[in-house]
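> Provided below for reference: sequence and predicted model.
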Amino acid sequence: MEITHTQYRHCDLVKVKGRVDSYTAPQLSETFNKITEQGRFKIALDMSELDFMSSAGLRALINAQKVCKRYNRGELVLVAVPENIRAALDLAGFIPLFKIYDDVLTAIGNF
Amino acid sequence: MTYSPPLEIFDRPTTPLIITRSFPGRYDSLASIGDFVRGMSEKAGLDTFAVYTVEMAVDEACSNIIEHAYQGEDVGPISCTCKISNDGLTIILEDEGRPFDPKTVAPPDLTSSLEDRPTHGLGLHFIRQWMDEVRYEFQPGRGNRLTLYKKRPPAIKKNNTRKR
């Protein structure tokens, strides 16, 4: 797994590549925590080069979403979700809990 | 490490291909276990999405072995057997840990609000929903044994224009 983080004026972009499982998910959570600890709660997660995400990764997403949406101060949105991972999000009942965008520009533009 | 069986194995559908590998019971083994079952799923002729569901189910089951059966890393091994048969792929996961019966875990509530959304129990949900058969046994003195089966959809016959 590889994570890159870009801070914009109004939001943060996180790109995660490779495999998010029980071994790597804590690093993804840590990235989200570092952003929210700075008082920043508008996060776009670029999943275009993500190969695999287990329930450990889904837990990282839901925990970050709980923190971001509290007091209506922001949210975590998902970008370019690969088909297999979208099926997993759907089976987990996560689709109503996240906005999903096709590309990074649209996602960032909507904050 | 990849294993390429001679092609003639697949010309004899009555002979199943069985490979067992053992991995250290650690979270950093998950990627190698994933590579192994993905390779075997592809050899079994599963489609791209079915391959993904098998990798996911096995990943969730192995995470549960480390977390619940061993209750920590480096306590014992995870043995993974893949059996390619005429009709699909069977995966047998064995550990030497405490009993962990998936039936004792209630299905998660997937309709609750964000704040009340449970963060555990999702792994078993994927296993139950995505595998065609799930069988659990505890062998006293040996450990847990979880058998997952994924059926290969029948091949679509091309040029089948015959009408009744």
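Thanks, I have the structure now.
> Surely B:Pro107 and B:Gly123 touch.
No: applying CB atoms under 8 Å as the test, B:Pro107 and B:Gly123 come out as separate, 11.6 Å apart. To be clear about C-beta, it is placed using only N, CA and C from the backbone, and glycine gets the same treatment.
> what about those two, which has more around it?
B:Gly123 (26 against 12; other CB atoms under 10 Å in any protein chain shown).
> Show me what the host helix or strand of that one is packed against.
Using DSSP states H and E, B:Gly123 sits within helix B:122-130. The contact analysis (3 or more CB pairs under 8 Å, 6 or more residues apart in numbering or on different chains; DSSP states H and E) places helix B:122-130 against helix A:55-69, helix A:83-91, helix B:48-64.
> what about stretch A:41-49, start to end distance?
23 Å (CA to CA, to the nearest Å).
> can you check stretch B:61-77 too?
14 Å.
> Please look at A:Gly93 and B:Leu110 and confirm they touch.
Yes: between A:Gly93 and B:Leu110 there is a contact under CB under 8 Å: 3.1 Å.
> Look at the residue with the largest distance to the centre of chain A and give its secondary structure.
Computed with CA atoms, centre = their mean, the residue of chain A farthest from its C-alpha average is A:Tyr71, at 18.9 Å. State at A:Tyr71, reduced to three classes by DSSP: H, G, I helix; E, B strand; the rest coil: helix.
> Quick one, grab the pLDDT at it.
If you check A:Tyr71, the pLDDT there is 96.
> Could you do B:Thr14 as well?
Reported pLDDT for B:Thr14: 56.
> which residues touch residue 108?
Looking at chain A here, since you left the chain open. A:Tyr8, A:His10, A:Cys11, A:Leu13, A:Ala44 (CB atoms under 8 Å, 6 or more residues apart in numbering or on different chains).
> hm, I was asking about chain B
B:Pro118, B:His120, B:Gly121, B:Leu122, B:His125.
> By neighbours, which of those residues wins?
Ranked by neighbours (other CB under 10 Å), those are led by B:Leu122, which has 25 neighbours.
> Skip the chain neighbours and tell me the closest residue to that residue.
Spatial nearest neighbour of B:Leu122, excluding adjacent residues (CB to CB, 6 or more residues apart in numbering or on different chains): A:Ser55 at 3.9 Å.
> ok, the one you found to B:Leu30 distance?
12 Å (CB to CB, to the nearest Å).
> Tell me if I'm right that A:Ile95 and A:Ala88 touch.
No: in this structure, A:Ile95 is not within contact of A:Ala88 by CB under 8 Å, at 10.5 Å.
> Between the two, which has more neighbouring residues?
With neighbours defined as other CB under 10 Å, A:Ile95 and A:Ala88 compare such that A:Ala88 has more, 23 against 13.
> Would you mind confirming that the more buried one is in contact with A:Phe52?
No: A:Ala88 lies out of contact with A:Phe52 (CB under 8 Å); the separation is 9.4 Å.
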